[in-house]
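In: give me a 3D structure for the following:
(one chain, ligands or ions: 1)
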Amino acid sequence: MRILVVEDEHKIANSIKRGLEQELFAVDVAYDGEEGYDLASSEDYDLIVLDLMLPKLDGVAICKKLRKEGVHVPILILTAKGQINDKVEGLDAGADDYLTKPFSFEELLARIRALIRRPHKAQNLELRIDNLQLNTTTYEVKRAGKIISLSNKEYSLLEYLMRHPNQILTKDQIITHVWNYEADILPNTVEVYIGYLRNKIGKDLINTRRGFGYKICSKKQE
Ligand code: CA
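Out: Alright, predicted model coming up:
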């Protein structure tokens, strides 16, 4: 899952980035409104954390522009304490939720998780394909009840595949949602990581559609 943080206060932006990376999100940071808008409209994010008071282009303007262009990514706005009008304006502009500064990282994380989950009807924290289970709060992955130890990227890749079961995902889509902008990943890297995953979870669940990409699916449905 990939997140864009648009925040001009470097300290806050960087601490959010560090925290989210520890929770295995891929994170890009933009330090002004224009850069934030450019990234948000050109890259495919799973969520945007958007400060309202920004140089060059403010958060409300970014929000309005994105919604007008049909970008439906969940947006969580950050407001300074007491700026009630800002919150209302932000929500009116199409943001999904807001958080007042200062906030605890735990609260930010809880709201991010709730927003990312929202489109998926199941409030289920556990993703499952046959006897493969992935718990998105404990990061525990099990196959037939046996715990499988994955690296951070292997986990993120598996989570992304399992959130889109029975759906072919292209290498580009996978790169976009599992790695951040700086990572500069080549399509071959995806192949390599798919190989690592197959070695750990078993070779039967992830199918290759040559020339298209990969999909994870239940053997029962094949
Ligand atoms: Ca600011």
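In: for stretch 200-214, list the C-alpha coordinates in CSV.
Out: Extracted C-alpha coordinates of stretch 200-214, given in CSV (Å, rounded to 0.1, in the frame of the first residue of the first chain):
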residue,chain,number,x,y,z
LYS,A,200,8.1,-19.3,0.9
ILE,A,201,4.4,-19.6,0.5
GLY,A,202,4.3,-22.4,-2.1
LYS,A,203,4.4,-22.2,-5.9
ASP,A,204,0.7,-23.0,-6.4
LEU,A,205,-1.2,-19.8,-5.5
ILE,A,206,0.5,-17.1,-7.6
ASN,A,207,-0.1,-17.5,-11.3
THR,A,208,1.9,-15.8,-14.0
ARG,A,209,0.0,-14.4,-17.0
ARG,A,210,2.8,-14.1,-19.4
GLY,A,211,3.0,-10.6,-20.9
PHE,A,212,0.4,-9.3,-18.4
GLY,A,213,1.4,-9.8,-14.8
TYR,A,214,0.4,-11.9,-11.9
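In: in it, which residues are buried?
Out: Judged by neighbour count (16 or more other C-beta atoms under 10 Å), stretch 200-214 contains these buried residues: I201, L205, I206, G213, Y214. Heads up, the C-betas are built off the backbone N, CA and C, glycines and all.
In: residue contacts, G59?
Out: Contact analysis of G59 by C-beta atoms under 8 Å, 6 or more residues apart in numbering lists V6, G33, L50, D51, L52, M53, I77, L78, G90.
In: ok, now how distant is it from D38?
Out: Going from G59 to D38 by C-beta to C-beta, to the nearest Å gives 15 Å.
In: same question, R2
Out: Going from R2 to D38 by C-beta to C-beta gives 16 Å.
In: for those two, indicate the residue with more neighbours.
Out: Shown here are R2 and D38; by other C-beta atoms under 10 Å, R2 has more neighbours (22 against 13).
In: beta-bridge partners for that one, please?
Out: Per DSSP bridges, the residues bridged to R2 are A26.
In: residues contacting it?
Out: Going by C-beta under 8 Å, 6+ apart, R2 touches 25-28, 43-46, 176-180.
In: quick one, which of these are buried?
Out: Buried among the contacts of R2 (16+ other C-beta under 10 Å): F25, A26, V27, D28, Y45, D46, T176, H177, V178, W179, N180.
In: low-confidence stretches in the protein?
Out: 81-83, 118-124, 221-222 (pLDDT under 70).
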